[in-house]
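Visitor: pasting the sequence and the predicted model now:
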Amino acid sequence: MGITATQNDQSALLASLNGTSGSTAAKSNAAEMEDRFLKLLVTQLRNQDPMNPMENAELTTQLAQMSTVEGINKLNASLETLLAGFQSSQTMQAASLIGRQVLVEGDGIDLNRGLGVAALELAGPADKVTVRILNDYGQEVRSLDLGRQSAGMVQFVWDGKGNTGQAVADGSYWYTVEAERAGTYVDATPLAVTGVRSVLLTNGGVELDTAGLGPRQLSQVRQIF
């Protein structure tokens, strides 16, 4: 009976080491599993059948399983340390942007003293690129023909005038982009110049709280001024 109980305990342990017993593995840490494994192994060696002793290959396999689990736990711990260091570095990098102007993904354009600056990013070359600037009511204020453009970032300046040639009031506006090549639509990402007000720490990582555009990921920043 002692040998049977030991074999059952060993099977349960090996199942947890191989990930087949999720609840046991979740509750046990690496040190507890290692201690349990060694106790079971010693008990098994003491109570093994003299006529059918454990073979070297079987013993080696069990030790290798224990070593594999221990190695995985150490790797996970190392990855968690690296991740924590990366997040800390991201936070410091983001904090240095507070009060700075950045070019990020967004379709806003601010008109200040009769001058508005923004940009767009083309996925491919375009024969024709048109920017339409809109007010808060969705009405078109100005249409800018940027002509033929290569793939990549395209910066443009709005002189603050409407389609009728008269100056419009300073403030916040929005714009859309239409780009095509040989009659086929070309993907275009609008980019806006905005200020960084603060840094947000979220479950998804570090975000920038921008003026007028809301939260933006660091990966969305295209240029820093």
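Guide: Looks like it came in fine.

Visitor: pLDDT-wise, which helix or strand of the protein ranks last?
Guide: Here the helix or strand of the chain ranked lowest by mean pLDDT, DSSP states H and E is helix 22-27, holding a mean of 46.

Visitor: how about residue 95, what does it touch?
Guide: residue 199 (CB atoms under 8 Å, 6 or more residues apart in numbering). Where C-beta positions appear, they are placed from N, C-alpha and C, glycine not excepted.

Visitor: relative to residue 114, how far out is it?
Guide: Remark: distance between residue 95 and residue 114 (CB to CB, to the nearest Å) = 34 Å.

Visitor: again, but for residue 94
Guide: When residue 94 is compared with residue 114 (using CB to CB), they lie 32 Å apart.

Visitor: which of these two has more neighbours?
Guide: Taking other CB atoms under 10 Å, residue 94 and residue 114 do not tie; residue 94 has more neighbours (22 against 13).

Visitor: what's residue 124 sitting at in phi/psi?
Guide: phi -160, psi 170 (degrees, to the nearest 10).

Visitor: domain map for this protein?
Guide: 2-90, 105-193 (automatic domain parsing).

Visitor: worst average pLDDT in those?
Guide: The minimum mean pLDDT among the domains of the chain belongs to domain 2-90 (a mean of 60).

Visitor: restrict the helix or strand containing residue 194 to CA atoms and write it as CSV.
Guide: Element membership for residue 194 (DSSP states H and E) is strand 188-202. The C-alpha trace of strand 188-202 is given here as CSV (Å, rounded to 0.1, in the frame of the first residue of the first chain):
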residue,chain,number,x,y,z
ALA,A,188,-3.3,58.2,-45.2
THR,A,189,-2.9,58.8,-41.5
PRO,A,190,-3.5,62.3,-40.3
LEU,A,191,-1.0,63.7,-37.8
ALA,A,192,-1.5,66.7,-35.5
VAL,A,193,0.8,69.0,-33.5
THR,A,194,-0.2,69.1,-29.9
GLY,A,195,1.2,69.7,-26.4
VAL,A,196,1.9,67.0,-23.8
ARG,A,197,0.1,67.9,-20.5
SER,A,198,0.9,64.9,-18.4
VAL,A,199,1.8,61.2,-18.4
LEU,A,200,-0.8,58.4,-17.7
LEU,A,201,0.2,55.0,-16.3
THR,A,202,-2.4,52.4,-17.4
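
Visitor: that strand pairs with which strands?
Guide: Paired strands of strand 188-202, with direction, are strand 101-105 (antiparallel), strand 115-122 (antiparallel), strand 205-210 (antiparallel) (DSSP bridges).

Visitor: could those go into CSV alongside mean neighbour count and distance to residue 163?
Guide: As requested, the strands paired with strand 188-202 are exported to CSV (neighbours: other CB atoms under 10 Å; distance: least, CB to CB, whole Å):
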stretch, mean neighbour count, distance to residue 163
strand 101-105, 19, 26
strand 115-122, 19, 15
strand 205-210, 20, 29
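
Visitor: doesn't residue 46 fall inside a helix?
Guide: Yes: looking at residue 46 with DSSP: H, G, I helix; E, B strand; the rest coil, it is inside a helix.

Visitor: just the helices in the chain please.
Guide: Using DSSP state H, the helices of the chain run over residues 2-17, 22-27, 30-47, 56-95.

Visitor: pretty sure residue 118 is touching residue 156, no?
Guide: Yes: counting by CB atoms under 8 Å, residue 156 is a contact partner of residue 118 at 6.4 Å.

Visitor: what bridges to the closest residue to residue 220 other than its chain neighbours?
Guide: Among residues not flanking residue 220 along the chain, residue 105 sits closest, at 4.5 Å (CB to CB, 6 or more residues apart in numbering). Beta bridges link residue 105 to residue 191 when assigned by DSSP bridges.
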